[in-house]
Structures are given as structure tokens and as C-alpha cells.
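Visitor: Return atomic coordinates for the entry below.
(chains A and B)
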Amino acid sequence: GAGVSQSPSNKVTEKGKDVELRCDPISGHTALYWYRQSLGQGLEFLIYFQGNSAPDKSGLPSDRFSAERTGGSVSTLTIQRTQQEDSAVYLCASSLGPPGPGNTIYFGEGSWLTVV
Amino acid sequence: KQEVTQIPAALSVPEGENLVLNCSFTDSAIYNLQWFRQDPGKGLTSLLLIQSSQREQTSGRLNASLDKSSGRSTLYIAASQPGDSATYLCAVRYGNKLVFGAGTILRVKS
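Guide: I've put the predicted structure just below:
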């Protein structure tokens, strides 16, 4: 696609429910990232996928968070048993290749999650 | 610890002014540095990417500089316009991840 596409754009869920957020990266981009932006906070790295390699999960805040990437393209971020502190904008990004000096990262418009 | 700091946190200027946004980072072993713009309720738009071996990049009215040894970058905006009003984020690339500053909220008054 022309840009990074995320869905849903907005999600309101009850505390304790599971949610799935989807990201469709730019066509041909092998690297995919998830970030979280909480109200009044900076962007926080969550997870990184590169091709078929094992993902870098070092930023996931708890074991309630998981992500997968099927076929090296679309990715799903799953939050189980949501808590109010999970309320944030979840941003997905992609880049053409693995981390390198010249690789620009392109972001989607985010999925706005509100846990009530 | 890899930290990125942006100064000022907020800036309000009249239309037409030239302005400078500052970014500093604690670990100079960077891959690259990227400046983004974020409009309210929107995602991030990449403005400029400076490779670790470069000193500056220019795009239109924007010029970004990088001084790796001192851990600093600046974003210069010439002849500011109301449409430039947004949050400007500096992000430093370390390995697999970008470390972001908290941003500078810019308001350009007409």
C-alpha cells in the first residue's frame, strides 16, 4: 500500500477484555515496529520484526502483550486482560530494510485504545 | 542509558520568524537521527533523516544538523508559517529501535 495502515483507528474496550490491533506495513518493507504513546508521554518502543528472524520483544511491558507477523507482512498486536494503564495510541511503523544508517522509518496513524 | 532530550518543550512564535529546535542525546553510538512532525490526533510524518556520517540535511524550509561527538542535533525552520504548528519529535536510532524525545510543541501565530 501507499502507507502504513492500522486498524482499528479507535477502540474502546472494557477492562479485562482482550484486544487485537492490526498493522499493514508499506509493501516491500521487511522491518516492522510497534510503539506506544501514552497521554503526556513520549513514544515507547514495544517490538521489532525483521523478515523471518526472531522478533526483538525487549520493549513489551508485560506478558499480557504479544505480537506476531504473518508471512512477513501484516502484524497483529494483542493485549490480553486489558488494564486502564494500557490506554494509549499504538503506532506501527515500517522501513525498507533492517536497521541501517539510511533507513527511514514510516509511521501509521495509530490505533487509539481506551480501556474503561 | 540512552536518553533523548528536546528543548524547548513548547515554543510560540509569530509567522515569518526563523526558529531552532534542539535535540540532545546521551549515547553517541547512533545509526541515524530522524526528525518527525506529529499533528494532533495523527501519526508521525518523517521530515528529515540524517545518517550518522552526515552533518546536515535540508528539505525546503527545513534544515537539520547533527554533531555526533557532542550529542546534539538542531532543526532549523525558516520563515515559519501557521501550517508549521505541530509537535516536532527527534528520534535517535540505536540498533533495532528509535529512542524518542518528548517533543517540542510549536505554535506559529498568524
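
Visitor: What pairs with the helix or strand of chain B with the lowest mean pLDDT, parallel or antiparallel?
Guide: For chain B, scoring each helix and strand by mean pLDDT, DSSP states H and E identifies strand B:97-100 as the least confident one, at a mean of 89. Paired with strand B:97-100 in the same sheet, following DSSP bridges, are strand B:86-94 (antiparallel).

Visitor: Flag the shaky bits of chain A, pLDDT-wise.
Guide: Counting by pLDDT under 70, the low-confidence segments of chain A come to A:1, A:99-102.

Visitor: Bridged to the residue positioned nearest the centre of it, which residues?
Guide: Most central in chain A under CA atoms, centre = their mean is residue A:34, positioned 3.0 Å from the mean C-alpha point. Beta bridges link residue A:34 to residue A:47, residue A:92 when assigned by DSSP bridges.

Visitor: Next secondary structure after the least confident helix or strand of chain B?
Guide: The element immediately downstream of strand B:97-100 (helix or strand, assigned by DSSP states H and E) is strand B:104-109.

Visitor: And the average pLDDT for that next one is what?
Guide: Rounded to a whole number, the mean pLDDT of strand B:104-109 is 97.

Visitor: what angle separates it from strand B:86-94?
Guide: For strand B:104-109 and strand B:86-94, the angle between their directions (axes from the mean of the first three to the mean of the last three CA atoms, to 10 degrees) works out to 150 degrees.

Visitor: helices or strands next to strand B:104-109 in the packing?
Guide: strand B:10-14, strand B:19-25, strand B:86-94 (3 or more CB pairs under 8 Å, 6 or more residues apart in numbering or on different chains; DSSP states H and E). For every residue, glycine as well, the C-beta is placed using N, CA and C.

Visitor: Single out the most deeply packed of these.
Guide: strand B:86-94 (a mean of 23; mean count of other CB atoms under 10 Å in any protein chain shown).

Visitor: Please enumerate residues in contact with it?
Guide: Residues outside strand B:86-94 that contact it (CB atoms under 8 Å, 6 or more residues apart in numbering or on different chains): A:43, A:99, A:105, B:2, B:4, B:6, B:21, B:23, B:25, B:27, B:29-40, B:44, B:47, B:73, B:75, B:98-101, B:103-106.

Visitor: Just give me the neighbour total for residue A:95.
Guide: Residues within reach of residue A:95, counting by other CB atoms under 10 Å in any protein chain shown, total 21.
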